[in-house]
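Q: Build me a model:
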Amino acid sequence: MRTWLLAALVFVLATGGGLALLAATGPKDRSLPGVPQVTVDKDEPDPLAFEPGSEEDLAARAAAGHSHIVYALSPGGVSATARRVARYRDQIEKAAAGAGVDPDLVEAMVFLESAGRPEVAASADLEGAVGLSQILAGTASELLGMRVDVRESERLTRKIRRAERRGQSARSERLRARRRRVDERFDPAKSLEGTGRYLRTAMESFRREDLAVVSYHMGIGNLGDVLAAYGDPGASWTRVYFDATPDRHPRTFALLSEFSDDSATYLWRVRASQEIMRLWRDDPAELARLDALHAAKASGEEVLHPRVQTTVYGGPDDLAAAYDEGELERFPNDPRGLGLRRDPDMGELARKDRWLYRGLRPEAFALAVYIGANVRELSGSRRPLIVTSTVRDERYQRRLARRNSEATRAYSLHTTGFAFDVRRSYASKRQAVAFQTTLDRLQSLNLISWVREPGAIHITVSSDARRLLPLLD
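A: Below is the predicted model of the structure:
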């Protein structure tokens with residue numbers, strides 16, 4: 001490992017805030033002369049731990065990190081969804097004013113909940129979430145004072161569908177009007193009024209706008225339990241979410257881990273939706289650019305490294321030069337030190353110099369080491385995660401695509417040195433959960449984009465991961 005890399009890791013150790021990366025040079029892996037020997041000291045502070053004063057930056061990172069699913073699942077695309085949502089802006093502003101919250105946040109909730117479609121229902125069972133702001137029947141009638149006759153609403157819904165199949169548009173509209181009267185969740189104005197009343201109630205309980213929004217998905221009682229466990233009812237959700245780690249706030253972390261419905265990350269997706277609405281109004285060209293990048297892959301990896309802005313390695317000579325210039329770092333096989341085992345077949349399609357295909361950008365390598373250390377610490381398992389693939393060149397990628405239908409024939413992030421794959425084979429359920437927890441946290445920091453493939457977890461590392469490895473002149 002080069003001197004600047006060692007110095008950078010020591011800098012992280014000295015300035016970070018659970019787990020630190022310790023490095024020393026040495027040819028531990030005899031198959032790759034000069035590869036780094038890396039060890040992890042679990043008693044040192046975590047370089048990605050929450051620090052007071054970082055909340056604004058963390059909230060923005062979390063919104064960006066969780067934006068891909070919003071782009072990917074918006075019906076008709078984000079621009080079409082934004083147009084639908086914008087039609088209700090006046091009613092949204094009225095509801096927000098009554099609740100004492102930012103109308104942009106309420107608008108973003110509508111974007112996320114229904115994509116601006118007032119008749120959408122989460123399921124055929126209308127006891128579930130319905131309408132522009134996706135209100136449950138029980139919540140609507142018991143908490144918000146809305147008129148909801150589920151049985152009659154379901155009967156009318158069946159009639160509406162029959163009328164539509166028969167092309168009876170006038171009858172369908174009359175039935176919809178009747179349904180809006182018996183089930184006010186289908187009435188856009190009533191739905192938004194109900195959302196406003198909910199948020200007003202939540203504001204009275206929590207005195208914070210962000211917590212009111214979190215409670216919309218998590219529930220007021222559940223959020224109260226989380227805040228009680230954290231011990232600071234006035235803390236921002238950003239602080240609670242990022243500070244709730246197994247070592248710092250184990251009870252809070254355990255509660256958040258129990259939610260299987262993405263309640264803990266709801267605010268970040270609302271914030272992502274808010275940013276989409278802002279771009280739709282103020283910078284549609286940028287929105288179109290981001291939409292195309294999100295659509296290119298099953299994760300947001302091309303947003304982190306757009307093809308036109310990223311160096312791609314064309315062939316073996318390019319890789320060799322990148323190693324010589326310090327642009328790539330060789331990936332060692334040191335499961336005891338790293339908590340990561342290098343798959344012996346890595347680079348198997350290379351006709352010679354297989355070692356060229358066993359490396360990463362320095363920041364990607366540092367983040368891989370962080371993952372190995374964090375998973376080991378959380379799970380208590382000494383069994384390493386298995387890294388199956390690191391850097392490739394375009395020539396290698398084309399060869400792989402001919403043999404593997406899952407390998408892209410287009411732009412692969414492996415050809416940039418920022419991506420690696422971890423085999424979906426774990427020592428225990430505890431290790432699998434620890435890996436998932438680590439991925440979720442790194443995604444919320446917008447340091448990675450990842451996707452679950454049939455045999456592996458494909459991880460792309462942001463250039464911002466250099467915070468783990470400050471580059472020195």
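
Q: how about the helices in the stretch 251-400 of the chain?
A: Using DSSP state H, counting those that start in this stretch, the helices found in the stretch 251-400 of the chain span residues 266-282, 284-296, 301-304, 316-324, 335-338, 362-379, 394-403.

Q: between the ones you listed, which gets the lowest average pLDDT?
A: Note on these: lowest mean pLDDT is at helix 335-338, with a mean of 89.

Q: tell me which residues in that one are buried?
A: By neighbour count on 16 or more other CB atoms under 10 Å, the buried set for helix 335-338 is 335, 337-338. All C-beta spots, glycine's among them, are computed from the backbone N, C-alpha and C.

Q: The helices of the stretch 251-400 of the chain: which one's closest to residue 465?
A: Closest to residue 465 of the helices of the stretch 251-400 of the chain, according to CB to CB: helix 362-379, at 4.2 Å.

Q: which parts of that closest one are buried?
A: By 16+ other CB under 10 Å, the buried positions in helix 362-379 come out as 362-379.

Q: before we move on, what about stretch 266-280?
A: Applying 16+ other CB under 10 Å to stretch 266-280 flags 266-277, 279-280 as buried.

Q: Got phi/psi on the spatially most central residue of the chain?
A: Taking CA atoms, centre = their mean, the centroid of the chain lies closest to residue 66, which sits 3.5 Å from it. Dihedral pair for residue 66: phi -100, psi 20, per degrees, to the nearest 10.

Q: Wait, it touches residue 444, no?
A: Yes: with contact defined as CB atoms under 8 Å, residue 66 reaches residue 444; the gap is 6.9 Å.

Q: from the buried residues of stretch 266-280, which is closest to residue 408?
A: Using CB to CB, the buried residues of stretch 266-280 come closest to residue 408 at residue 272, 25.2 Å.

Q: Quick one: residues contacting that closest one.
A: 63-64, 66-67, 70 (CB atoms under 8 Å, 6 or more residues apart in numbering).

Q: What distance do you get for the nearest residue to residue 106 once chain neighbours are set aside to residue 206?
A: Spatially, and ignoring its direct neighbours in sequence, residue 106 is nearest to residue 96 (4.5 Å; CB to CB, 6 or more residues apart in numbering). Separation of residue 96 from residue 206 (CB to CB, to the nearest Å): 16 Å.

Q: Same question for residue 146.
A: 22 Å.

Q: now residue 266
A: Distance from residue 266 to residue 206, by CB to CB: 14 Å.

Q: helix/strand/coil for the closest residue to residue 194 other than its chain neighbours?
A: By the measure of CB to CB, 6+ apart, the closest residue to residue 194 outside its immediate chain neighbours is residue 144, 4.3 Å from it. Here residue 144 takes the coil state, with states given by DSSP: H, G, I helix; E, B strand; the rest coil.

Q: I'd like the distance from stretch 211-221 to the chain centre, please.
A: Taking CA atoms, centre = their mean, to the nearest Å, one finds the center of stretch 211-221 at 19 Å from the center of the full chain.

Q: With stretch 157-167 instead?
A: Centroid separation for stretch 157-167 versus its chain: 39 Å, with CA atoms, centre = their mean.

Q: ok, residues contacting it?
A: Contacts for stretch 157-167 (CB under 8 Å, 6+ apart): 121, 126, 169, 171-172, 175-176, 179.

Q: any chance of those in TSV, plus secondary structure, pLDDT and distance to residue 394?
A: Listed next are those as TSV, based on DSSP: H, G, I helix; E, B strand; the rest coil; pLDDT from 0 to 100; distance: CB to CB, whole Å:
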residue	secondary structure	pLDDT	distance to residue 394
121	strand	95	47
126	coil	96	52
169	helix	95	54
171	helix	96	59
172	helix	96	54
175	helix	97	58
176	helix	96	54
179	helix	97	56
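
Q: Report the two of those residues separated the most.
A: 126 and 169 (22.5 Å).

Q: Between the two, which is the more surrounded one?
A: Legend: neighbour count by other CB atoms under 10 Å for residue 126 and residue 169, higher for residue 126 (25 against 10).

Q: Surely the more buried one is in contact with residue 135?
A: No: assessed by CB under 8 Å, residue 126 is found out of contact with residue 135, at 10.9 Å.

Q: who's in contact with residue 229?
A: Neighbour list for residue 229: 249, 251-252, 255 [criterion: CB under 8 Å, 6+ apart].

Q: and it, what helix or strand is that in?
A: Residue 229 belongs to helix 220-230 when assigned by DSSP states H and E.

Q: That helix: what's the following helix or strand?
A: helix 237-243.

Q: Show residues contacting that next one.
A: With contact meaning CB under 8 Å, 6+ apart, helix 237-243 is reached by 50, 52, 55, 58-59, 62, 208, 210-211, 214, 226-227, 230, 232, 249, 252, 256, 264-265, 267, 444.
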